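Enquirer: missing the sequence, but the structure's below:
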């Protein structure tokens, strides 16, 4: 962990999205020679590959479409061979819904996942989508009455268009379209909607409700227009605005007034200039220098590694009683324009789990305006199927859905009053699998998904303590702790959620059983994720283990209802 004497904390490690953005930007500039640790980057990217052929955001996590695209695309940009493409091709087929792609097998399709997967299928796997006509129909249904594209056909019914959805939809179609195939939308209306998102100063906004123009929105809008054979309303103003987003080093910031020249801003700025046909030679040297400055072992983070704090690590440090007011203030600063939630790293999109961890760590305790923004953001984030995804437009899963409900709980709003309660209940039921629940509809049942489902049911006034007791008994490991699948390998996340749910539903707390598990994961001052892990799991594992120790001694009750997967 990297951390100043006071204030926010980070891991000092490479981040997948940052690494992809850095490599892609250098490739656009023809400067992949500036990737100084090529072998380390390759090892980092391939280490995210799972046995199923997909890739994960972090080693040991489940495969998802966005991580699979970022890893395989970055490898290709470096001229590396993507390993065992046939396995990746097979995994992607498992995420096909019949009309589009979900982020994981069984998850409802959204335009994020469909964009990532169509491009991986075509560019990396040399394959075609299972049913191009069905995909065209699904993409056509994304168009809102106003002309823009939305995250899902269900969102289109409410007119929830976004320039990012426009880009992802257009690029999905281009990845699979045959020669002469017309786009499946009313293109003049789509172009007109995109052009209306240009601000009078030249930049673009995400949608009608967005507060300020930013480079992310500007890149997605200009690239979508270029792919449709069109251009912004005022291309010269776009170029001028982008060049005006340069900071002191000559690299870029995401929007006016934001102080950090980060890797995402460089990615979006270079992408915008390319889409406009503007030469990038003027910005090449400072951008390359900035990307080199944010390198760390095996990849890249968003800014200089000692200063690259993130919301989860910072919240974990605070919850471990090692935080301070400066750290909470930094968390509150992760609530940036255009979205009310807290971002994992400043300058990214707001994420549900990070918002929950920040609130649990005490951020926004005295900020009524900030809390109100979060509440509005959560209510607006609910998907048409009743659940929630990690971020705006992403398909629903149980961990995000229970996190959303817990956020409202911390804000003093009951799930039954603040959300579409019937839709929420319908989503929980759709995740039912036998006697348990899966993380997404159609998935495999797990302990954590079941516990999350039952906390949601309790929040909706339908607690079932008998079912929770049976679920815990099925996954109880004799030597201590609980296992997410079966009853043999306990893990820290499952044991934490078991203790949390036990307290939440008023069941007896089995302190000795929890203590035996914690003893088996003690690594001399650090906490391991499982008894078999040879080393500690880092700040998040130490935080959860410490909270469980505090619960054993009575110093921490109730446990914070934080969740990760």
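Expert: That came in fine, so what should we check first? A quick note: this is a predicted structure, and the numbers were derived from the prediction, not measured.
Enquirer: Residue 134: how many residues sit nearby?
Expert: By the criterion of other Cβ atoms under 10 Å, residue 134 has 15 neighbours. All C-beta atoms are positioned from the backbone trio N, CA, C, and that covers glycine.
Enquirer: I'd like the mean pLDDT over the helix or strand where it lies, please.
Expert: Counting by DSSP states H and E, the element that carries residue 134 is helix 132-140. The average of the pLDDT scores along helix 132-140 is 97.
Enquirer: after the helix or strand where residue 473 lies, next one along is what?
Expert: Assigning secondary structure by DSSP H and E places residue 473 in helix 465-475. As assigned by DSSP H and E, the chain's next helix or strand after helix 465-475 is helix 492-504.
Enquirer: Give me the distance between that following helix and the centre of its chain.
Expert: 23 Å (Cα atoms, centre = their mean, to the nearest Å).
Enquirer: got the angle for that helix vs helix 465-475?
Expert: Helix 492-504 runs at 150 degrees relative to helix 465-475, counting by axes from the mean of the first three to the mean of the last three Cα atoms, to 10 degrees.
Enquirer: which residues make contact with the helix or strand just after helix 492-504 from outside it?
Expert: Later in the chain than helix 492-504, the nearest helix or strand by DSSP H and E is helix 511-520. Residues outside helix 511-520 that contact it (Cβ atoms under 8 Å, 6 or more residues apart in numbering): 476-477, 479-482, 490, 495, 499, 527, 531, 545, 548-549, 551-552.
Enquirer: pLDDT-wise, which helix or strand of the protein ranks last?
Expert: Least confident helix or strand of the chain, by mean pLDDT, DSSP states H and E, is strand 2-3 with a mean of 49.
Enquirer: next one: whatever helix or strand comes next after that one to chain centre, how far?
Expert: Proceeding N to C from strand 2-3, the next assigned helix or strand is strand 9-10, under DSSP H and E. Centroid displacement of strand 9-10 relative to its chain, using Cα atoms, centre = their mean, is 18 Å.
Enquirer: the helices in the stretch 1-150 of the chain, which residues?
Expert: Listed in chain order, the helices of the stretch 1-150 of the chain (DSSP state H, counting those that start in this stretch) span 16-28, 38-46, 65-77, 85-94, 111-119, 132-140.
Enquirer: Turn these into CSV, including distance to residue 401.
Expert: Below are these laid out as CSV (distance: least, Cβ to Cβ, whole Å):
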stretch, distance to residue 401
helix 16-28, 23
helix 38-46, 30
helix 65-77, 19
helix 85-94, 22
helix 111-119, 17
helix 132-140, 23
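Enquirer: Out of those, indicate the one that is most buried.
Expert: Compared across these, helix 111-119 shows the largest average neighbour count, a mean of 27 (mean count of other Cβ atoms under 10 Å).
Enquirer: Point out where this structure drops to low pLDDT.
Expert: 1-6, 322-323 (pLDDT under 70).
Enquirer: Break down the stretch 251-400 of the chain into its helices, ranges please.
Expert: Using DSSP H, counting those that start in this stretch, helices in the stretch 251-400 of the chain cover 263-276, 281-293, 311-317, 325-332, 352-360, 368-381, 398-410.
Enquirer: Make JSON lines out of these and add mean neighbour count and distance to residue 251.
Expert: Formatted as JSON lines, the helices of the stretch 251-400 of the chain follow (neighbours: other Cβ atoms under 10 Å; distance: least, Cβ to Cβ, whole Å):
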{"stretch": "helix 263-276", "mean neighbour count": "25", "distance to residue 251": "6"}
{"stretch": "helix 281-293", "mean neighbour count": "18", "distance to residue 251": "4"}
{"stretch": "helix 311-317", "mean neighbour count": "28", "distance to residue 251": "23"}
{"stretch": "helix 325-332", "mean neighbour count": "19", "distance to residue 251": "22"}
{"stretch": "helix 352-360", "mean neighbour count": "27", "distance to residue 251": "25"}
{"stretch": "helix 368-381", "mean neighbour count": "17", "distance to residue 251": "29"}
{"stretch": "helix 398-410", "mean neighbour count": "25", "distance to residue 251": "33"}
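Enquirer: Relative to residue 150, which of those helices is closest?
Expert: Across the helices of the stretch 251-400 of the chain, residue 150 has its closest neighbour in helix 368-381 (13.1 Å, Cβ to Cβ).
Enquirer: Contacts for that closest one next, please.
Expert: By Cβ under 8 Å, 6+ apart, the residues outside helix 368-381 that reach it are 332, 335, 339-342, 350, 352, 355, 359, 364, 388-389, 392, 404, 407-408, 411, 413, 418-419.
Enquirer: and that helix with helix 325-332, angle?
Expert: Counting by the same axes, to 10 degrees, helix 368-381 lies at 40 degrees to helix 325-332.
Enquirer: chain center to helix 368-381: distance?
Expert: On Cα atoms, centre = their mean, the centre of helix 368-381 falls 18 Å from that of its chain.
Enquirer: same thing with stretch 414-432?
Expert: Centroid displacement of stretch 414-432 relative to its chain, using Cα atoms, centre = their mean, is 22 Å.
Enquirer: Enumerate the positions of it that are buried.
Expert: 415, 418, 419, 421, 423, 424, 425, 427, 428, 430, 431 (16 or more other Cβ atoms under 10 Å).
Enquirer: Among those residues, which lie within helices?
Expert: Of the buried residues of stretch 414-432, the ones assigned to helices by DSSP state H are 415, 418, 421, 423, 424, 425, 427, 428, 430.
Enquirer: hang on, the second one packs against residue 409?
Expert: Same thing as residue 418. No: judged on Cβ atoms under 8 Å, residue 418 makes no contact with residue 409 at a distance of 9.6 Å.
Enquirer: okay, and the common contacts of the two?
Expert: By Cβ under 8 Å, 6+ apart, no residue touches both residue 418 and residue 409.
Enquirer: chain center to the helix holding residue 473, what's the gap?
Expert: 30 Å.
Enquirer: Which positions within that helix qualify as buried?
Expert: Of all the residues in helix 465-475, those buried under the rule 16+ other Cβ under 10 Å are 467, 468, 471, 472, 474, 475.
Enquirer: Ok, stretch 246-256 next?
Expert: For stretch 246-256, the neighbour count (16+ other Cβ under 10 Å) marks 246, 247, 251, 252, 253, 254, 255 as buried.
Enquirer: Need the distance between the two termini of it.
Expert: 9 Å (Cα to Cα, to the nearest Å).
Enquirer: Then stretch 295-311?
Expert: 20 Å.
Enquirer: so who does the residue nearest to residue 299 when sequence neighbours are not counted touch?
Expert: Spatial nearest neighbour of residue 299, chain neighbours left out: residue 14 (3.0 Å); criterion: Cβ to Cβ, 6 or more residues apart in numbering. Residue 14 makes contact with 44, 296, 297, 298, 299, 300, 301 under the criterion Cβ under 8 Å, 6+ apart.
Enquirer: before we move on, what about residue 508?
Expert: residue 502 are the contacts of residue 508 under Cβ under 8 Å, 6+ apart.
Enquirer: Please apply the same query to residue 177.
Expert: Counted by Cβ under 8 Å, 6+ apart, residue 177 has contacts residue 183.
Enquirer: Could you report the distance from it to residue 183?
Expert: Between residue 177 and residue 183 the computed distance is 8 Å (Cβ to Cβ, to the nearest Å).
Enquirer: Residue 250 now?
Expert: 37 Å.
Enquirer: again, but for residue 506
Expert: Using Cβ to Cβ, one obtains 56 Å as the distance from residue 506 to residue 183.
Enquirer: So which of those two has more stuff around it?
Expert: residue 183 (18 against 11).
Enquirer: doesn't the more buried one fall inside a strand?
Expert: No: assignment of residue 183 by DSSP: H, G, I helix; E, B strand; the rest coil gives coil, placing it outside any strand.
Enquirer: Show the contacting residues for the nearest residue to it once chain neighbours are set aside.
Expert: Among residues not flanking residue 183 along the chain, residue 173 sits closest, at 5.8 Å (Cβ to Cβ, 6+ apart). By Cβ under 8 Å, 6+ apart, the residues touching residue 173 are 136, 139, 183, 184.
Enquirer: try 10 Å this time
Expert: Residues counted as contacts of residue 173 (Cβ atoms under 10 Å, 6 or more residues apart in numbering) are 114-115, 118, 132, 135-136, 139-140, 181-185, 227-228.
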